[in-house]
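**Q** need a 3D model of the sequence below.
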Amino acid sequence: MKSPVYFDYAATTPVDPRVLEAMLPYFSENFGNPSSVHRIGQRAEAALETAREMIASALNCRSDEVIFTSCGSESDNLALRGAAFAQRDKTGANWILCSRAEHPAVSKTALQLEKLHGFQVEWLDVDETGMVTPAALEKAICDKTALVSAMVANNEFGTINPIPELAAICRAHKIPFHSDAVQAAAYLDVDVERLGVDLLSLGAHKFYGPKGVGALYVRKGTGVYPHLTGGGQEFGLRAGTQNIPLIVGLAESLRLAVAERDARTAYLLPLRDKIIGSVLESVAESRLTGHLESRLPNHASFVFKDADGNLLLQLLDAAGFACSSGSACKTGNPEPSEAVTSLGFSRDWALGSLRVTLGASTAPADVENFLQALPNLVEKARALKSG
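**A** Numbering: from 1, shown residues only. The predicted structure follows:
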């Protein structure tokens, strides 16, 4: 059976063969524990610190500002919990600001901090494209704010937030600012000095690296409490023996993402725009979600009125196209995504969401075949829902 055409690169990406090649020796030949003092351990430590320096170079930061984690979600958790508790102890502030369009690793962590630990969550308004505006942040921020979190680019509808402007507002108020760059790092500049962030989350499997490894940038001087205690690894912020093969893979995949960013973007942007233009023209009662221009270059997302998004995914899969209805974390949930409903869509629109994300193996012919098949499949999904 022929494999489906993969249009779900926002959910995960295959490991680049060059990344796999860099990782392989650390599963067997150089298997040591980087905390060991003998030569075998020191070879592992050298690989660990080389990877840290590579990531620091990509982020334009100090190597001792890079903390390795198990994934982007853990990086978000460490950033929110660690910084919120530290800031509350320092200033007494206990408000956390973020939008409902954030990844659940941020929004659900904020809600747990509210439910179990006495913090207050205030949801930042987003505009009709899902963007957190400087005006919305200026309106909400105050001396009770302990932490602000706004993602670089949204995973479900692709909108890019004005992170430098948001970070500048937080800096003026001396409040830590975290940004989830998990979806963004494959295609956008993640220079932390340009962005102005205090904390930045990454996850390797979104940019052709392995699953199960991530990183958190923590600006020097930013208070963060550890959320995994034990040994002194990762500057005391994240205990546990480091996973050297995966860390090497994270560093190499990020290096390649930075080096090849312009070429990857130049290839995918026309394909993305072709999908957006064609779908809006050929599918009745369809609307783009997210910003038309300020969006990830590989990301197209829509809502179709009176269509069942999960049913549409099944029809697309049967036709040979692997797509998503939004966050991979939402697949199978009959309720509309909070991120999509935050854009103001009513339920009859929000339930019919579709995300199409492109990547290295996307061919123009695949896009053409998809665009020919989609209108009939949307109509079929509507008929099956109403029938």
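
**Q** so what does the helix or strand of the chain with the lowest mean pLDDT touch, helix or strand wise?
**A** None of the helices or strands of the chain scores lower by mean pLDDT, DSSP states H and E than helix 338-341, at a mean of 87. Counting contacts by 3 or more C-beta pairs under 8 Å, 6 or more residues apart in numbering; DSSP states H and E, helix 338-341 is packed against helix 347-350. Bear in mind the C-beta positions are built from the backbone N, C-alpha and C, glycine included.

**Q** state the mean pLDDT of the helix it packs on.
**A** Averaged over helix 347-350, pLDDT sits at 92.

**Q** which other residues reach it?
**A** Applying C-beta atoms under 8 Å, 6 or more residues apart in numbering, the external contacts of helix 347-350 come out as 287, 303, 304, 305, 306, 336, 337, 340, 341.

**Q** got the buried residues for it?
**A** Buried residues in helix 347-350, counted by 16 or more other C-beta atoms under 10 Å: 349, 350.

**Q** ok, stretch 139-159 next?
**A** Under 16+ other C-beta under 10 Å, the buried positions of stretch 139-159 are 140-141, 145-159.

**Q** thought residue 82 was touching residue 228?
**A** No. Using C-beta atoms under 8 Å, residue 82 is not in contact with residue 228; the gap is 10.1 Å.

**Q** all strands of this protein, in order?
**A** 5-6, 66-69, 95-98, 120-123, 145-149, 177-180, 199-203, 214-218, 286-288, 299-304, 321-322, 353-357 (DSSP state E).

**Q** out of these, the one nearest residue 235 is which?
**A** strand 66-69 (6.8 Å; C-beta to C-beta).

**Q** name the residues that touch that closest one?
**A** Taking C-beta under 8 Å, 6+ apart as the rule, strand 66-69 contacts 48, 52, 55-56, 59, 75, 78, 213-218, 234-235, 237-238, 242-243, 247, 250.

**Q** residue 231 touches residue 242, doesn't it?
**A** No. Using C-beta under 8 Å, residue 231 makes no contact with residue 242, being 10.3 Å away.

**Q** for those two, indicate the residue with more neighbours.
**A** residue 242 (20 against 12; other C-beta atoms under 10 Å).

**Q** thought the more buried one was touching residue 234?
**A** Yes. If you go by C-beta under 8 Å, residue 242 and residue 234 touch, sitting 7.4 Å apart.

**Q** related to what we said a few turns ago, which residues touch the least confident helix or strand of the chain?
**A** Taking C-beta under 8 Å, 6+ apart as the rule, helix 338-341 contacts 100-102, 107, 130, 154-157, 289, 303, 326-327, 347, 350, 353.

**Q** residue 179: which of those residues is nearest?
**A** residue 102 (10.1 Å).

**Q** what's the closest non-adjacent residue to that closest one?
**A** residue 151 (5.8 Å; C-beta to C-beta, 6 or more residues apart in numbering).

**Q** what does residue 138 give?
**A** That would be residue 169: by C-beta to C-beta, 6+ apart, it lies 6.0 Å from residue 138.

**Q** show me the contacts for residue 217.
**A** Taking C-beta under 8 Å, 6+ apart, one finds 59, 61, 65, 66, 67, 192, 197, 199, 200, 201, 202 in contact with residue 217.

**Q** what about the last one, distance to residue 218?
**A** Going back to what we said before, that points to residue 202. 12 Å (C-beta to C-beta, to the nearest Å).

**Q** between these two, which has more neighbouring residues?
**A** residue 202 (30 against 27).

**Q** wait, the more buried one touches residue 254, no?
**A** Yes. Between residue 202 and residue 254 there is a contact under C-beta under 8 Å: 7.2 Å.

**Q** low-scoring pLDDT stretches of the stretch 101-250 of the chain, where are they?
**A** Within the stretch 101-250 of the chain, no range satisfies pLDDT under 70.

**Q** just the pLDDT for residue 329.
**A** pLDDT, residue 329: 55.

**Q** how is this structure carved up into domains?
**A** 5-13+261-386, 17-259 (automatic domain parsing).

**Q** any idea how far apart the tips of the longest one sit?
**A** Pointing back at domain 17-259 there. Distance between the two ends of domain 17-259: 16 Å, counting by C-alpha to C-alpha, to the nearest Å.

**Q** good, wrapping up.
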